[in-house]
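J.: Quick one: sequence plus predicted model below, questions after.
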Amino acid sequence: MKVRTRFAPSPTGYMHIGNLRTALYEYLIAKAAGGDFLLRIEDTDQKRYVEGATDIIYNTLKTVGMNWDEGPDIGGNYGPYVQSERKPVYAEYAHKLVELGGAHYCFCSKEEAEDGKEEENNIKFQDPCKFLSKEEAKARVDAGEPFVVRQTIHKKGKSKYHDEVYGDIEIDYDELDEGVLLKSDGFPTYNFANVVDDHLMGITHVVRGNEYVSSTPKYNLIYEDFGWEHPLYVHVPPVMKDAQHKLSKRNGDASFQDLVAKGYLPEAIINYIALLGWNPGTEQEIFSLEELKQIFSVDRLNRSPAIFDSVKLTWMNGCYLRALTPEQFHARALPFYKDIPAGIDLEALSRALQPRIETLGQIAGQTDFIKQLPDYSLELFTNKKMKTDSAVARQTLAEARKVLAGQQNWSNEALFESLKSLAETMGVKNGQVLYPVRIALSGKETTPGGATELAVLFGQEETLRRIDIALQKLS
RNA sequence: GGUCCCAUCGUCUAAUGGUUAGGACACCACCCUUUCACGGUGGUAAUAUGGGUUCGAAUCCCGUUGGGAUCACCA
């Protein structure tokens, strides 16, 4: 049978990292088996619907290259793929389930249901409507009385199912509550829509967060009552912010689009989250989506939660940045160049930046000295390893200024040769000339490139101007 | 609280009864070097805890502790 998985987000806003990872696993499970990956929008809660949220979902999936085979925008043989458009389907199946004995009509108000349970004594809501005769219930429904369809847990003893990650799960039927399947507004709850849609759409592997492990027996009961076969379950542990808290947008944690805005590459993000809770069994860590499709398997999925480590993501992003060709890097960097004065060779700047940054967002901090020389302290001229201090700098900078003023060939190599021979004639170390020049040009301790690279970037005029400023400060 | 689940370096993880408990990030040191990086080499660092089973346990079993999930007309 062809493997079919689905990503079924509800359009409530941002694409969370945990969500994206679930989608990735769903995608990989399908693609590793040559199967289909579908997209279904679960918008049965009208109160939570956020305008534009579906576009974020589409865009994110497209950006990372997780293309779906069926979905709201491209259709398919099992549509519609938006739950709000499937309302009649759920109603039909809900009534059918009542007839089959797997559910019953309930006329209690929300408040009555709330009052009916006692949390301290762990007493669940006992629905009086459950004992109504079928005829009476039907009559009240037909009379137009508001109702919900509530699941009937009609079994006793232990329910068992197998999870691909957690193994065999056993839960007593008594623990299961008789949840609402069809709301009074006619929309289904997740508990029902999910089962109906997954069955109707031929989903073979249900992949979702492990918060569903204990409610899965309820869904299985629905499958059973309909006489359907239930899918394979792949419950995955959550992605955590720290040991106690899940990663969530509500806590201000970064979403996918936040990370992209900070200068993380989509392919690096995907690579990183693939490894949060899954490993290939080898020591390889860098994987393209294509490679993941080849080697992904559910049996290497982990059972315990994984803490999202942005430091490691940053490192991995740096790996991706360095693996780019200079042209590719430049193209990616371009949107992050803000406040760079005209006349600066951006391609040269990109070449200098590529090995030095781990996220494109670091560009701003690396290049801020270009537009304006910061007001730096003379202490910067002191560097033990380079054997320089303000006194050395005053001498070498004065001589360097003369050399640079007369310099014809303003290329990196020529400049380096000139300054190197200056150091020789002065009888000082290379660094004693070059280090002060670099400080004079940047006013910063760390810069994207050495003295001559910065000089090339600035050109002769600006280089001399900045050295003059330094000499003035030093005098 | 009931039920379910989880537990290896700070973090992500490998080791499915026999390893000096391996790798990666981070950190530290050294090398390279016109800064800072990149790169290279090396180092610090873990089986939560108590009992079993076994010739032998990170691995199997039980208890303890710690953590998470769930108990919505949200998904």
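T.: Alright, I've got the coordinates.
J.: and the residue nearest to residue A:229 when sequence neighbours are not counted, what does it touch?
T.: Closest residue to residue A:229 apart from its sequence neighbours, by C-beta to C-beta, 6 or more residues apart in numbering: residue A:223 at 6.9 Å. C-betas here are computed from N, CA, C, even on glycine. Contact partners of residue A:223, counting by C-beta atoms under 8 Å, 6 or more residues apart in numbering, are A:195, A:199, A:229, A:230.
J.: Pick out the residue of chain A closest to RNA strand B.
T.: Residue nearest to RNA strand B within chain A: residue A:450 (2.5 Å; C-beta to the nearest atom of the strand).
J.: doesn't residue A:439 make contact with that residue?
T.: No: with contact defined as C-beta atoms under 8 Å, residue A:450 does not count as touching residue A:439 (11.3 Å).
J.: Then residue A:38 would be within a strand, right?
T.: Yes: the assignment for residue A:38 (DSSP: H, G, I helix; E, B strand; the rest coil) places it in a strand.
J.: In three-state terms, how would the residue of chain A most remote from its centre be classified?
T.: What lies farthest from the middle of chain A is residue A:425; by C-alpha atoms, centre = their mean that is 56.7 Å. Following three-state DSSP, residue A:425 is assigned to helix.
J.: hmm, back to that, what helix or strand is the residue nearest to residue A:229 located in?
T.: Using DSSP states H and E, residue A:223 sits in helix A:216-226.
J.: Quick one: distance of that helix to the chain centre.
T.: 32 Å (C-alpha atoms, centre = their mean, to the nearest Å).
J.: How about it and RNA strand B, touching?
T.: No: using C-beta under 7 Å from any atom of the strand, helix A:216-226 stays clear of RNA strand B, with a minimum separation of 9.2 Å.
J.: Any buried residues in that helix, and which?
T.: For helix A:216-226, burial by neighbour count (16 or more other C-beta atoms under 10 Å) applies to A:216, A:217, A:218, A:219, A:220, A:221, A:222, A:223, A:225, A:226.
J.: any idea how far residue A:298 is from the nearest residue to residue A:302 once chain neighbours are set aside?
T.: Nearest non-adjacent residue to residue A:302, counting by C-beta to C-beta, 6+ apart: residue A:277, 4.7 Å away. Using C-beta to C-beta, to the nearest Å, residue A:277 is found at 11 Å from residue A:298.
J.: Give me the more crowded residue out of these two.
T.: residue A:277 (21 against 17; other C-beta atoms under 10 Å).
J.: Next, the contact list for that one, please.
T.: With contact set as C-beta under 8 Å, 6+ apart, residue A:277 has these partners: A:21, A:236, A:237, A:239, A:301, A:302, A:305, A:306.
J.: ok, now with 7 Å
T.: Contact analysis of residue A:277 by C-beta atoms under 7 Å, 6 or more residues apart in numbering lists A:236, A:237, A:301, A:302, A:306.
J.: Now render those as JSON lines, adding secondary structure, pLDDT and neighbour count.
T.: What follows is those, written out as JSON lines (DSSP: H, G, I helix; E, B strand; the rest coil; pLDDT from 0 to 100; neighbours: other C-beta atoms under 10 Å):
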{"residue": "A:236", "secondary structure": "strand", "pLDDT": "96", "neighbour count": "27"}
{"residue": "A:237", "secondary structure": "coil", "pLDDT": "95", "neighbour count": "19"}
{"residue": "A:301", "secondary structure": "strand", "pLDDT": "96", "neighbour count": "20"}
{"residue": "A:302", "secondary structure": "coil", "pLDDT": "95", "neighbour count": "13"}
{"residue": "A:306", "secondary structure": "strand", "pLDDT": "95", "neighbour count": "19"}
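J.: biggest separation within those, which pair?
T.: Farthest pair in those (C-beta to C-beta) is A:301 and A:306. Separation: 10.8 Å.
J.: Now the worst-scoring helix or strand of chain A on mean pLDDT: buried residues?
T.: Here the helix or strand of chain A ranked lowest by mean pLDDT, DSSP states H and E is helix A:110-115, holding a mean of 74. Neighbour-count burial for helix A:110-115, counted by 16+ other C-beta under 10 Å, picks out residue A:113.
J.: Now residue A:278. Nearest residue, chain neighbours left out?
T.: Once flanking residues are discounted, residue A:278 sits nearest to residue A:301: 5.2 Å by C-beta to C-beta, 6+ apart.
J.: hmm, which of the contacts of residue A:223 are the buried ones?
T.: The neighbour count (16+ other C-beta under 10 Å) marks A:195, A:199, A:230 as buried among the contacts of residue A:223.
J.: Run a quick neighbour tally on the closest residue to residue A:360 other than its chain neighbours.
T.: Among residues not flanking residue A:360 along the chain, residue A:263 sits closest, at 3.0 Å (C-beta to C-beta, 6+ apart). Neighbourhood size, residue A:263 [other C-beta under 10 Å]: 21.
J.: give the contact list for residue A:263.
T.: Here residue A:263 is in contact with A:336, A:359, A:360, A:361, A:362 (criterion: C-beta under 7 Å, 6+ apart).
J.: Residues touching the least confident helix or strand of chain A, excluding its own?
T.: Residues contacting helix A:110-115 (C-beta under 7 Å, 6+ apart): residue A:125.
J.: Name the next helix or strand following it along the chain.
T.: Using DSSP H and E, the helix or strand that directly follows helix A:110-115 along the chain is helix A:134-142.
J.: can you pull the buried residues of that following helix?
T.: Quick answer for helix A:134-142 (16+ other C-beta under 10 Å): A:137, A:140, A:141.
J.: Give me the contacts around the helix or strand following that helix.
T.: Counting by DSSP H and E, the element after helix A:134-142 in chain order, helix or strand, is strand A:148-151. If you take C-beta under 7 Å, 6+ apart as the criterion, strand A:148-151 is touched by A:94, A:98, A:102-106, A:127, A:178-184, A:218, A:222.
J.: what's the pLDDT at residue A:343?
T.: Note on residue A:343: pLDDT of 86.
J.: distance of it from residue A:458?
T.: Counting by C-beta to C-beta, the gap from residue A:343 to residue A:458 is 9 Å.
J.: So if I had to pick from the two, which one is more boxed in?
T.: The residue with more neighbours, out of residue A:343 and residue A:458, is residue A:458; 20 against 10, by other C-beta under 10 Å.
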